[in-house]
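Engineer: got a predicted model here, sequence first, then my questions.
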Amino acid sequence: MQLRDFFSVDAIDLDLSTETKDETLKKLVGLFHLDEKSEGILFKMLKRRENLGSTGIGRGIAIPHCRSLVVNRLRVAFGRHEAGLDFKAIDEKPVHYIFLIVAPPLEVSNQYLPVLGKIAQFSKEADVPERLAAVENAEAFLQLLEEKGV
Amino acid sequence: MHEQLETLLEMQDLHMQRRALEEGGVRDLETGLFEMSAEQAIDALDAKITELELRLGKSIQERFRSLIGTHRRAVVPVLAGVCYGCFVAVPTSWAADADPNDRLNVCQSCGHFQYYPT
């Protein structure tokens, strides 16, 4: 299983210009092109998860995630915010890189946890924040995932 | 989308989060990587589930409780015209509605609430 196989170019936004965490979550959910109601439910679930504890894991990276019946397969999106957002991250620093993961309640191949784990593993690599800052387009982002062997 | 279906979906998602926090993999990740307090999170989820339950009619509330208790799922998707609670085909007239989620559909075969993902 390769992480890049789960990302599509149209679910990668390297120029987020949002002002708040909520706005950012909405924007990233929008990359999945669901209907308005489903987007609303997904946003609420992600917010509830954030209220239980921030998904900002430090070093400028956040991994909001949830399961919901409004998606029928595992979906992932990535967003980069140059100025940084207040995500109430563990290290209290602004978040610049956001990996969004949503999955249906039941998946045949049960990929949710492994994908979450792989993104966490990728995020922990020392040079990743710097490399993410430097990627120029979606293709370069996917190449970085491939290069890191996740 | 039918208002009560929306509430049921939310409640089911919360139940799922709660269950995940009681079990292995996700719990380890949530408490390890994200430094979450699982016990506090479960309490918060329980409070929200109770609050949402009050929005449901009594019979829907009872059906939801019974299904979630027995099958761990109360709302199931309908994919390619098949109910994923019992794998029986749903009446074609239901799926043909402009938006089948505008009604609160209950499977005639297994009794689960049905949701049509987009």
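Structural biologist: Noted; the coordinates are in hand. Residues are numbered from 1 along each chain as shown, chains lettered A, B, ... in the order given.
Engineer: could I get the helix ranked longest in chain B in CSV with only the CA atoms?
Structural biologist: Assignment by DSSP state H gives helix B:3-22 as the longest helix of chain B. As requested, the backbone C-alpha atoms of helix B:3-22 are provided in CSV (Å, rounded to 0.1, in the frame of the first residue of the first chain):
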residue,chain,number,x,y,z
GLU,B,3,-33.7,16.1,9.5
GLN,B,4,-33.9,13.0,11.7
LEU,B,5,-31.8,11.0,9.2
GLU,B,6,-29.1,13.7,9.6
THR,B,7,-29.3,13.3,13.4
LEU,B,8,-29.2,9.5,13.1
LEU,B,9,-26.1,9.8,11.0
GLU,B,10,-24.4,12.0,13.5
MET,B,11,-25.3,9.8,16.4
GLN,B,12,-24.0,6.7,14.6
ASP,B,13,-20.7,8.5,13.8
LEU,B,14,-20.4,9.5,17.4
HIS,B,15,-21.1,5.9,18.6
MET,B,16,-18.4,4.8,16.2
GLN,B,17,-15.9,7.3,17.5
ARG,B,18,-16.7,6.1,21.0
ARG,B,19,-16.2,2.4,20.1
ALA,B,20,-12.9,3.2,18.4
LEU,B,21,-11.7,4.8,21.6
GLU,B,22,-12.5,1.7,23.6
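Engineer: the closest residue to chain A within chain B is in what secondary structure piece?
Structural biologist: Residue nearest to chain A within chain B: residue B:36 (3.8 Å; Cβ to the nearest Cβ). The way it works is simple: take the backbone N, C-alpha and C, and place the C-beta from them, glycine included. Using DSSP states H and E, residue B:36 is not contained in any helix or strand.
Engineer: what sits against it?
Structural biologist: For residue B:36, the contact set (Cβ atoms under 8 Å, 6 or more residues apart in numbering or on different chains) comprises A:52-53, B:30.
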